[in-house]
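[1] starting from these lines, generate the structure:
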Amino acid sequence: MGKPAADRSVYQLIKTNKFQSFVEIGLGTGDRCQQILRVAEKFSDKPIRYTGIDLFDARPENALKLIEMHKTLKAFDAKTQLVPGPVGPSIGRIANSHLRTDMVIISSGTQRSELDSVIAFFPRMLHANSLVLIQSKPGQKMKLLTRLDVERWVKKVETTGKTPKSKQKAA
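    This next block holds a predicted model:
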C-alpha cells in the first residue's frame with residue numbers, strides 16, 4: 001500500500017478507520033504526508049484536515065522548503081496547514097484548534113524530551129478512538145498509542161516533575 005514498509009501500518013489504519021484529521025510532527029521528505037492525504041481522500045467520505053509541524057527551512061541539512069510543501073499540498077482536496085517551528089511552541093499554538101484529531105504521527109527525529117514537554121496538550125486534541133503513532137528510529141515500525149496510553153504518559157510526566165512550561169506558569 002505504500003513505501004517505506006514502516007509506514008504501511010499508518011496507511012492501513014487510515015483505510016480501516018476512515019480517519020479524516022491528522023497532525024504530523026516532522027515531515028521528513030514530505031512523502032508520507034502526501035501518501036496520508038491520498039489514502040484519506042480515497043477511503044473517507046468526509047473532508048480531510050491535515051496539519052504538518054516541521055522546522056522546514058530552519059533544518060540544519062536537507063531542508064524541506066515550506067513554500068515547496070505548500071505548493072505540493074495544493075494538489076489535494078484537503079484543508080491543510082503547515083506550522084513551521086519546533087515542536088513545543090507549535091503544539092501549544094495549535095492544540096485548541098485541533099480538537100478531535102483522529103491521528104497524530106510523530107517522526108523519528110522528534111526527541112522524547114520535546115514530547116514530554118508538550119504531551120499535556122495531546123489529550124485535548126484527541127477523542128476516544130484517536131491514535132498516536134510514534135517512530136523511534138528511521139525506517140522502524142511505529143509504536144501505536146491510544147488516548148488512554150497518552151493520558152498515562154501525561155500522568156507519568158506530571159509525577160516526575162517534568163511539567164510543560166505552560167503548566168508551570170499556571171501553578
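[2] residue contacts, Lys143?
    By Cβ atoms under 8 Å, 6 or more residues apart in numbering, the contact set of Lys143 is Leu133, Ile134, Gln135, Ser136. Glycine gets a C-beta too; all of them are placed from N, C-alpha and C.
[3] 6 Å instead, please
    For Lys143, the contact set (Cβ atoms under 6 Å, 6 or more residues apart in numbering) comprises Ile134.
[4] phi, psi of it?
    Main-chain torsions, Lys143, degrees, to the nearest 10: phi -90, psi 130.
[5] okay, stretch 96-106 in CSV with CA atoms only?
    C-alpha atoms of stretch 96-106 as CSV (Å, rounded to 0.1, in the frame of the first residue of the first chain):
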residue,chain,number,x,y,z
ASN,A,96,-7.0,24.3,20.9
SER,A,97,-7.9,24.4,17.2
HIS,A,98,-7.2,20.7,16.7
LEU,A,99,-9.8,19.1,18.9
ARG,A,100,-10.9,15.6,17.9
THR,A,101,-7.9,14.8,15.8
ASP,A,102,-8.1,11.2,14.5
MET,A,103,-4.4,10.5,14.2
VAL,A,104,-1.1,12.1,15.4
ILE,A,105,2.0,10.8,13.7
ILE,A,106,5.4,11.6,15.3
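[6] for it, buried residues please.
    His98, Thr101, Asp102, Met103, Val104, Ile105, Ile106 (16 or more other Cβ atoms under 10 Å).
[7] what does stretch 46-66 give?
    For stretch 46-66, the buried set under the neighbour-count rule, 16+ other Cβ under 10 Å, comprises Ile48, Arg49, Tyr50, Thr51, Gly52, Ile53, Asp54, Leu55, Phe56, Leu64, Leu66.
[8] mind picking the two most distant members of these?
    The largest distance within these, taken as Cβ to Cβ, falls between Ile48 and Leu55 and amounts to 24.1 Å.
[9] is the closest residue in space to Glu24 that isn't next to it in sequence in a bridge, and if so with what?
    Nearest-residue entry for Glu24: Ile105, 4.5 Å, with adjacent residues in sequence omitted and distances by Cβ to Cβ, 6 or more residues apart in numbering. Beta bridges link Ile105 to Glu24, Leu133 when assigned by DSSP bridges.
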